[in-house]
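**Q** model this:
(chains A and B)
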Amino acid sequence: MNKPTLLLIDDEERILRSLRMLFFTGYEVHMTTDPQEALRILREKQVHVIVSDQRMPEMQGSELLRQAREVSPATMRILLTGYSDIEASIASVNEGEVFRYLMKPWSAEEVKQVVAEAAAIAEASFAAAQHAPAAIAAASDKKPRVLIMDHDEATAKVVHEVLQDRCEIIWASDAQHAMEELAKQDISVVVSDLMLGDTNVGYILKTIKQINPQTQCIVVTSFNDTSRLVELINQAQISRYLPKPLSKSMLGRNLEYMLERFQTLCSMPVLQKRQSVAPIADPQEKQLSGNFASLLSRLRKVSV
Amino acid sequence: MRQEIRDGRDVLSLAVPLHPISPSVPLEEVAELFLNPDYAKVLSLPVVDGGRPVGMISRYKFMDIYLKPYGRELHGKRPVSSYMVDKPLVVAHDQPLAEAALHVTQNMRFPLMEDFIITENGSYAGIGFVVDLLRAMELQLRSHTQELNDAYSRLKSSQLALVQSEKMASLGQMVAGIAHEINTPLGYVQNNVSMGQELFAQVQAMNDSYENLVDNLLDEGASEEQVSALMQKVAAMRSGTNAREMLQAMQGLMADSLYGIGQISELVLNLKNFSRMDAAATEAVSLNDCIESALNIGRNVLKNNNVEVIKDLGDLPRITCAPSQLNQVFLNLFTNAAQAMEGSGRLGIKTWAEDGAIMVAVQDNGKGIPAENLARIFDPFFTTKPVGQGTGLGLAITHQIIEQHGGEIRVESEVGAGTCFYIKLPTGSVAAREEADEASVATALAMLHAA
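**A** As a prediction, the model looks like this:
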């Protein structure tokens, strides 16, 4: 079996040399300090995983990964950065759509494991792309469901304006209500603030993504905290992070895109793995998530 | 307001409800009143017609008439209205005390011969004594002074907090920048060391097998089978890992790691030099060193903004100053310049000495500062950055530090062409900085007042 291909980009060659040593036994490793060169390699070779630095003189990592998405959509994208500025992390979600956001200095074991996981997923994606169905199965007649988890009515209003009656729109203004709705039925897209009343909804989003990887989460918030965002990228694979106050056109565009992605993931389950999440790290959240998950499975059994 | 009424500090509270006299009352009745011991303090009596004050008859005027020969006989029967002042001093009950006092003092005659009348909605409410009014004013002034003092000390402490928070904000940004900059070398050093550890274990196992094989080969008692089993084990190990290549690669990584550790040490040293936490508050230094130190610390920001630094540092005499503060000044100017330059900018830093002064010019080719902003850039809280991105105190503090060093800072700018800051510091001894914080608060307050 061929080794998976790994592409490393960093403006510090010593980082590249060090990572190559970590991976050269299990992977075909390509490395470069030049983002244009990286894009050329992506065009010419089947690259399973790309690991990029964020701050580089010629191009930001999130921008490189955005272009990588176009050039080679099946390649899994990982950001490895020593800087934690909020703009970079937001861009890595919205533009780079990264699989993981990793910090320097890294744990060799963790990076190895993440890259291996990503490589396996990419392998499956490439295979699926080859046997892609001629046409995606016609979308089901059922209206997609959009769940709004936000205390702020303005969010619900904007979503209503954008989607009108094309979707079933449910507005939950507290965590209890949100969890009940999530238990009752599968949701296509969740539009959620980070705080729902007093509840930090992080664990709810993380749990949903563990159980229903096809559900797309759009986080809308005025709250900017890099470390929490990084956590949500890795452990909840949120699809978008949009600042409040919400722009109608921006939310509209993204909702449209996420509804479409939901359809694609439903018809090609192999792609769902692309958004598989890292385990929840925070012990308290882990427990909350466990409780919520068992509640979900109980309720669903009853309703079936 | 309510408080003032209870405390008797408004105009109405000064009113003495003296029974007024009507204009037709003959002067001899007025004489009785002035002789009444209850009225001993009263300088004048109010004349009221139909509730409205129409005049005032003063004791002085009355005496003037009565003490003249036959005064009493000539004038006693005539109505008071003929002798009164028909434009009495009137103060409305709801007039602020200060306004009333101003009105009274501007219109009273010397020597003081009359009191003033207090009206409530135009009607007579009583008379007021000028002395009482002045006393009330004094009380009010005293309490205002107290309030002013309180406000001053509140302002002083919040100003101190603001100056401190600006210091902390720029320090925090800087430390965060450096911490992140350390992450890159730390990343590969840590990775290399952990791979090295693994490789050592592998090489050690291999070495053990070799030694074991050699021992067995040298041992005449060892069986052929034993030796061949060991040989196979060694062969398997050799084919499993390319130890020679791995070791060679690791040697390169160790060199990288040493380089990385050097980088980390340099960053830490830069931080130490910049903060000068372990140095005296004032010492004799060359400004060129301060500039280099600020450049080292700001390298991150300059690099991220693709700024090319062009230095032209002349020979400078050392000056006694507070280096940590001047470092802050230069870092502030450099990072401002970096932020003003979009795309690739050029930051020119020039130093030279001229008659008793050291000159520094910091020139950028950024977007420049419009004339209407240029005059205000040293004002505290003036900022063109979005809310949350700047306190508006950076240049105000810069200005203050330079002033405290007995120097000057000025700015020239052209929109679209760039901005140049000129700093002039005297080479002579600079005022002692023991009371730096006190002085900085005073200057900051002065700036606040000016703003």
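
**Q** surely residue A:181 touches residue A:147?
**A** Yes: checked against CB atoms under 8 Å, the pair residue A:181 and residue A:147 is within contact range at 5.6 Å. Backbone N, C-alpha and C define where each C-beta goes, glycine included.

**Q** residue B:134 reaches residue B:101, doesn't it?
**A** Yes: counting by CB under 8 Å, residue B:134 touches residue B:101, with 6.9 Å between them.

**Q** got the residues of chain B near chain A?
**A** By CB under 8 Å from any CB of the partner chain, the part of chain B that sits against chain A consists of B:180-192, B:194-195, B:249-250, B:252-253, B:256, B:259-260, B:303-304, B:306.

**Q** what's the single longest helix in chain B?
**A** Counting residues, the longest helix found in chain B (DSSP state H) is helix B:130-218.

**Q** any idea how far the host helix or strand of residue A:292 is from the chain center?
**A** Per DSSP states H and E, residue A:292 falls inside helix A:283-303. Offset of helix A:283-303 from its chain centre (CA atoms, centre = their mean, to the nearest Å): 22 Å.

**Q** again, but for stretch B:98-113
**A** For stretch B:98-113, the distance to the chain centre is 43 Å (CA atoms, centre = their mean).

**Q** and for that stretch, what's in contact with it?
**A** Outside of stretch B:98-113, the residues within contact range by CB atoms under 8 Å, 6 or more residues apart in numbering or on different chains are B:11, B:43-44, B:58-61, B:89, B:91-92, B:95, B:114, B:116, B:130, B:133-134, B:137, B:140.

**Q** any idea of the mean pLDDT for it?
**A** Taken as a whole, stretch B:98-113 has an average pLDDT of 82.

**Q** after the strand or helix carrying residue B:74, heading C-terminal, what element do we hit next?
**A** Element membership for residue B:74 (DSSP H and E) is helix B:71-75. Per DSSP H and E, the first helix or strand lying C-terminal to helix B:71-75 is strand B:90-92.

**Q** sheet partners, orientation included, of that following strand?
**A** strand B:116-120 (parallel) (DSSP bridges).

**Q** buried stuff in the helix or strand following the strand it pairs with?
**A** Sequence order places strand B:123-128 as the next helix or strand after strand B:116-120, per DSSP H and E. Across strand B:123-128, burial judged by 16 or more other CB atoms under 10 Å in any protein chain shown covers B:124-128.

**Q** what's the answer for stretch B:306-323, then?
**A** B:307, B:309, B:313, B:316, B:319-323.

**Q** which residues does the residue in chain B that chain A sits nearest to contact?
**A** Taking CB to the nearest CB, chain A has its nearest neighbour within chain B at residue B:183, 3.0 Å off. Residues in contact with residue B:183 (CB under 8 Å, 6+ apart) are A:82-83, A:103-105.

**Q** that one and residue B:247, how far apart?
**A** 28 Å (CB to CB, to the nearest Å).

**Q** next, count neighbours for residue B:211.
**A** When neighbours are defined as other CB atoms under 10 Å in any protein chain shown, residue B:211 has 10 of them.

**Q** residue B:288 now?
**A** Number of residues near residue B:288 (other CB under 10 Å) recorded here: 18.

**Q** can you check residue B:225 too?
**A** Count around residue B:225 with other CB under 10 Å applied: 8.

**Q** quick one: residues contacting residue B:297.
**A** B:174, B:177-178, B:270-271, B:274, B:327, B:331.

**Q** so which of these wins on neighbours?
**A** Within those, residue B:331 tops the neighbour count with 26 neighbours, counted by other CB under 10 Å.

**Q** and residue B:222, helix, strand or coil?
**A** coil (DSSP: H, G, I helix; E, B strand; the rest coil).

**Q** contacts only, for the nearest residue to it once chain neighbours are set aside.
**A** Once flanking residues are discounted, residue B:222 sits nearest to residue B:216: 4.3 Å by CB to CB, 6 or more residues apart in numbering or on different chains. Neighbouring residues of residue B:216 by CB under 8 Å, 6+ apart: B:222, B:226-227, B:230.

**Q** and the pLDDT for residue B:216?
**A** pLDDT, read off for residue B:216, is 88.

**Q** could you say what helices and strands the strand or helix carrying residue A:260 packs with?
**A** Per DSSP H and E, residue A:260 falls inside helix A:248-267. Applying 3 or more CB pairs under 8 Å, 6 or more residues apart in numbering or on different chains; DSSP states H and E, we find helix A:248-267 packed against helix A:153-163, strand A:189-192, strand A:216-221, strand A:240-243.
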